[in-house]
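> quick check, what structure comes out for this input:
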Amino acid sequence: MKKQDHNELKDLLKDMPKPDVSKQKRNEIHHVIMNSNKKFPIKRFAAIFGAVAAGCLFFLLIFSSINTNNQQAAMHTYNDIVKGEISAINGATEDNLYSSSDQKIIESFHETIGSMNYKKTTQESSVFEKTITLYNNNNEIVTTMTFTGENIVSINGKQYKINENQLNQFTSLFFTEKYKTNTKKPSLKEQANKILTLLTNENMEALGNQVHPEKGLLFSPYVYVKSNATTFSQDEIPKLLQDNSVYEWGSQDGSGKPIKLTPSDYFDEYVNASFFSNADEVNVNNLKNRGTMLNNIHEVFPNAQTVEYYQNGKEELAWESLTLVFEEVDGSRKLVAIVHGEWTS
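Below is the predicted model of the structure:
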């Protein structure tokens, strides 16, 4: 190759865009291209062709780098998702409850579940249900993690793929006789089904026992829960359907007219629990955005556990849903909201 052509190729390579790779890697690419042209004498146009080929290689490297960065961005660490120190851990399987504030258990948690990578996914699973609830020094809930099998965990209403081997390392240590408590706790789905039956039978006395003692029970006619949503205390629930007062429950979608109904009429129109007794879908800790309205349940209740009953309608857009929202209080799961959903324009 002529010295003039060699210098022109070298200048062209200098002008090429620099991909997001190390300086060493760029130098290796430069070295390979220049050496190949030294070994094979070619005409000037071939040198230019080599520069073009080098440019293509640079762009491929850029694309590869961007793609790698996107894959890395999809991965999260435990600290990306969960904020706050933990001092105690409660656990639940379908049959038993577990609890510990042992420092060795907390260290094991951080070494296994706390050191995993979490990758967002839309995949669902219901192979099993193991729940871990984390508490801070003030006995406040930091977060609840629900493991459902097939490497899936639900945290704050979002699903992540995890390393189930690391999960098993922790559960084999924690879910043992040593940390088992005496009270059997129903699974989230079992408790939700029980409440759905209570609603269907209008057994308000028993429903009151399921309601959060401090927050009461909030009712929302749509999945976007407003800050002023109608809420009743636990003590008001047993006689709620006997209350003939007219309350404003929100605004109708589309017209914006206020929804003014007695509790009994509201139950008929916006709870209608019997309609969901054979729901087409029962989604545990997996809220889905349907239609055009934003579902903000986890913004209003950040530590909520949810069960959504979804029912198709006779027409494509005539679907409805009923979501039961729970929060932990003193080791028990209590109902804090009943949220109705339907297609909105």
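
> number of nearby residues for the nearest residue to Met204 once chain neighbours are set aside?
Nearest-residue entry for Met204: Pro238, 5.1 Å, with adjacent residues in sequence omitted and distances by CB to CB, 6 or more residues apart in numbering. To be clear about C-beta, it is placed using only N, CA and C from the backbone, and glycine gets the same treatment. Here the count is done by other CB atoms under 10 Å, and Pro238 has 16 residues near it.

> phi and psi next, for Pro238.
phi -50, psi -30 (degrees, to the nearest 10).

> same check on Asn289?
The phi/psi pair for Asn289 (degrees, to the nearest 10) is phi -80, psi 120.

> how near is it to Ile81?
Distance, Asn289 to Ile81, using CB to CB, to the nearest Å: 20 Å.

> low-confidence bits of the stretch 101-250 of the chain, can you list those?
For the stretch 101-250 of the chain, the stretches flagged by pLDDT under 70 are 182-184.

> and the helices in it?
103-111, 164-174, 188-200, 204-210 (DSSP state H, counting those that start in this stretch).

> for Ser233, grab the count of nearby residues.
14.

> now for it: which residues touch it?
Gly216 (CB atoms under 8 Å, 6 or more residues apart in numbering).

> nearest residue to the spatially most central residue of the chain in space, please, no chain neighbours.
Computing the C-alpha centroid of the chain and ranking residues by CA atoms, centre = their mean puts Lys158 first, at 0.6 Å. Residue nearest to Lys158 in three dimensions, not counting chain neighbours: Lys120, with 6.7 Å by CB to CB, 6+ apart.

> got the contact list for that neighbour?
Per CB under 8 Å, 6+ apart, neighbours of Lys120: Ala74, His76, Lys158, Gln159, Tyr160, Lys161.

> how close does the third one get to Tyr118?
Meaning Lys158. Lys158 is 9 Å from Tyr118, by CB to CB.

> which of Asn289 and Ile81 has more neighbours?
Ile81 (16 against 9).

> mean confidence (pLDDT) on stretch 305-318, please.
In this model, stretch 305-318 carries a mean pLDDT of 84.

> numbering from 24 from now on, please.
Renumbered: residue one is now 24, and that last one reads stretch 328-341.

> ok, Phe197 - contacts?
Ile112, Gly114, Tyr121, Ser123, Ile128, Ser131, Phe132.

> is there a neighbour count for the first one? I'd like the number.
Burial measure for Ile112: 23 neighbouring residues, criterion other CB under 10 Å.

> give me the element it is part of.
strand 111-115 (DSSP states H and E).

> out of the contacts of Phe197, who's nearest Tyr289?
The shortest approach to Tyr289 among the contacts of Phe197 belongs to Gly114, at 37.2 Å (CB to CB).

> which residue is the nearest non-sequential neighbour of the closest one?
Closest to Gly114 by CB to CB, 6+ apart is Tyr121, at 3.9 Å.

> report pLDDT for Asp38.
55.

> and the one 3 residues further on, by the same measure?
Here, the pLDDT recorded for Lys41 equals 53.

> repeat that for the one 5 residues further on.
Reading off the per-residue confidence, Lys46 sits at a pLDDT of 56.

> before we move on, what about Lys25?
Confidence score, pLDDT, at Lys25: 50.

> re the thing from before, can I have the buried ones of the contacts of Lys143 as a ChimeraX selection?
Buried residues within these, by 16 or more other CB atoms under 10 Å, are selected in ChimeraX with:
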select :99,181,182,183,184
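
> quick one: which of the contacts of Lys143 is nearest Thr223?
Taking these together and measuring to Thr223 by CB to CB, the closest member is Gln182, at 29.5 Å.

> what residues are bridge-paired with that closest one?
Note on Gln182: beta-bridge partners by DSSP bridges are Thr144, Ser177.
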